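[1] this is a predicted model, with the sequence first.
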Amino acid sequence: MRKSKAEKLKVEKLKTKHLLAFSLLAALAAGAAEVDGIAARVGSSVILKSDIANEMRRSGAGVEKYSDIRDEMIERELILRAAKEAKLQMQDWVVENRIRDIIQRAFNGDRNRLMEALSKDRVSYPEWRQRIKDDMIVNAMRWQIVDKNIQATPAAMRDEYAAHPERYIADRRVTVSAILLKPGDSEKSAEIDEALKAGTPFSDLAREHSADAKAKEGGQWKDVRPEDVFRPEICEEIAKMPKGTISKWIELDGWKFLLRKDDERGGGKMSFADAYDVISANVKNDESKRIYTDWIERLKKETFIKVY
């Protein structure tokens with residue numbers, strides 16, 4: 001019995017529907033394989049792409065940080081393997097104390113809030129607990145191999161101070177008084193200029209006319225880094241002004257600024273004594289990076305690693 005044209009059309013539509021459904025399932029399966037594929041092998045351990053994706057989500061990293069996060073996870077796995085070989089163990093009571101501390105500080109002591117947060121992140125408590133334990137092991141290993149071996153010797157500090165003078169420039173700080181006229185009050189500028197010529201104190205005029213946040217203090221911004229409180233155009237003007245001088249009126253977006261530079265300090269090279277703590281921190285930081293890098297390179301040479 002021959003099928004009608006309508007029946008043939010119906011069969012064709014059904015075939016097309018099934019084909020699309022099959023294609024969709026295949027695409028989803030391929031996507032799942034891509035997400036859950038192996039990103040790296042470290043010895044007998046594997047790091048999945050989904051592991052990296054989860055770590056990126058936890059840390060808020062963008063997709064451009066994928067390689068960095070992957071490399072950090074490889075280093076972490078290397079350290080955990082080294083800890084196992086060194087038979088470094090983390091006692092359960094130490095881990096529980098750490099967990100109690102986290103619950104107290106991050107969840108106001110409410111364990112239920114922790115569980116709710118883990119549920120939202122789709123992380124089981126055993127997985128989270130293991131991560132905390134691993135973090136503690138990694139930190140313990142790093143302290144043993146890196147941190148406890150760092151020191152800032154007098155010779156290293158002198159070398160650092162001489163080699164990197166750009167690191168030891170004192171912050172330039174200024175004390176500036178300002179009068180700010182809002183749009184619509186610009187005609188007051190001439191009145192203020194005349195009052196200054198007549199000897200009226202700048203601070204009195206600021207209290208009377210300024211819309212500046214420091215008007216009640218006579219318009220004075222004391223001992224500030226200009227870039228922290230003023231727009232770049234104002235900072236440029238302040239940098240050009242000799243101490244004790246008053247600027248011309250500066251107009252920005254309808255607002256008018258009048259500045260007086262009251263004081264200025266810093267901007268020059270710090271003495272070794274003044275920079276001592278910063279030098280020590282920089283020497284220790286550089287030494288920490290060197291020891292850590294050498295350690296990780298040794299571990300890499302001793303372990304099979306493959307990145308996919």
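    Yep, that arrived.

[2] any low-confidence regions in the protein?
    1-36 (pLDDT under 70).

[3] how about the helices in it?
    5-35, 49-59, 66-85, 92-107, 111-120, 125-145, 154-163, 188-197, 202-209, 226-229, 232-240, 276-302 (DSSP state H).

[4] including distance to Arg41 and mean neighbour count, could the ones you listed go into JSON lines?
    For the C-beta atoms, the positions are set from N, CA and C on the backbone; glycine is no exception. Below are the helices of the chain laid out as JSON lines (distance: least, CB to CB, whole Å; neighbours: other CB atoms under 10 Å):
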{"stretch": "helix 5-35", "distance to Arg41": "17", "mean neighbour count": "10"}
{"stretch": "helix 49-59", "distance to Arg41": "12", "mean neighbour count": "15"}
{"stretch": "helix 66-85", "distance to Arg41": "9", "mean neighbour count": "17"}
{"stretch": "helix 92-107", "distance to Arg41": "28", "mean neighbour count": "13"}
{"stretch": "helix 111-120", "distance to Arg41": "28", "mean neighbour count": "12"}
{"stretch": "helix 125-145", "distance to Arg41": "18", "mean neighbour count": "15"}
{"stretch": "helix 154-163", "distance to Arg41": "39", "mean neighbour count": "13"}
{"stretch": "helix 188-197", "distance to Arg41": "72", "mean neighbour count": "14"}
{"stretch": "helix 202-209", "distance to Arg41": "68", "mean neighbour count": "18"}
{"stretch": "helix 226-229", "distance to Arg41": "48", "mean neighbour count": "14"}
{"stretch": "helix 232-240", "distance to Arg41": "50", "mean neighbour count": "14"}
{"stretch": "helix 276-302", "distance to Arg41": "13", "mean neighbour count": "14"}
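
[5] now Arg225, what are its backbone angles?
    Torsion angles at Arg225 (phi, psi; degrees, to the nearest 10) stand at phi -80, psi 120.

[6] output the contacting helices and strands for the strand ranked longest in the chain.
    Assignment by DSSP state E gives strand 255-265 as the longest strand of the chain. Counting contacts by 3 or more CB pairs under 8 Å, 6 or more residues apart in numbering; DSSP states H and E, strand 255-265 packs against strand 173-181, helix 188-197, helix 232-240, strand 250-252.

[7] please repeat the previous calculation with a cut-off of 10 Å.
    Here strand 255-265 touches strand 173-181, helix 188-197, helix 202-209, strand 220-224, helix 232-240, strand 250-252, going by 3 or more CB pairs under 10 Å, 6 or more residues apart in numbering; DSSP states H and E.

[8] could I get the CA-only coordinates of the second one as PDB?
    Which is helix 188-197. Provided in PDB are the C-alpha atoms of helix 188-197 (Å, rounded to 0.1, in the frame of the first residue of the first chain):
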ATOM      1  CA  LYS A 188      32.700  84.400  42.800                       C
ATOM      2  CA  SER A 189      36.300  83.800  41.500                       C
ATOM      3  CA  ALA A 190      36.900  87.500  40.900                       C
ATOM      4  CA  GLU A 191      35.600  88.400  44.300                       C
ATOM      5  CA  ILE A 192      37.900  85.800  45.900                       C
ATOM      6  CA  ASP A 193      40.900  87.100  43.900                       C
ATOM      7  CA  GLU A 194      40.300  90.600  45.200                       C
ATOM      8  CA  ALA A 195      39.900  89.400  48.700                       C
ATOM      9  CA  LEU A 196      43.200  87.600  48.600                       C
ATOM     10  CA  LYS A 197      45.000  90.700  47.200                       C
END
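
[9] so what does it touch, helix or strand wise?
    So helix 188-197, by 3+ CB pairs under 10 Å, 6+ apart, packs with strand 173-181, helix 202-209, strand 255-265.

[10] give me the contacts around it.
    The list of residues contacting helix 188-197 from outside it, by CB atoms under 10 Å, 6 or more residues apart in numbering, reads 179, 181-182, 200-202, 204-206, 208-210, 246, 248-249, 251, 256, 258, 260.

[11] go again using 7 Å as the cut-off
    Contact with helix 188-197 is made by 179, 181, 202, 205, 209, 249, 256, 258, as judged by CB atoms under 7 Å, 6 or more residues apart in numbering.

[12] and if you look at the fifth one?
    Contacts of helix 232-240 with the rest of the structure, by CB under 7 Å, 6+ apart, involve 174, 176, 226-227, 230, 247, 250, 252, 257, 259, 261.

[13] pick the one among those closest to Ala83.
    Glu227 (45.0 Å; CB to CB).

[14] who are the contact partners of that closest one?
    Glu227 is in contact with Cys235, counting by CB under 7 Å, 6+ apart.

[15] could you report the distance from it to Glu233?
    12 Å (CB to CB, to the nearest Å).

[16] again, but for Asn108
    On the measure of CB to CB, Asn108 and Glu233 end up 46 Å apart.
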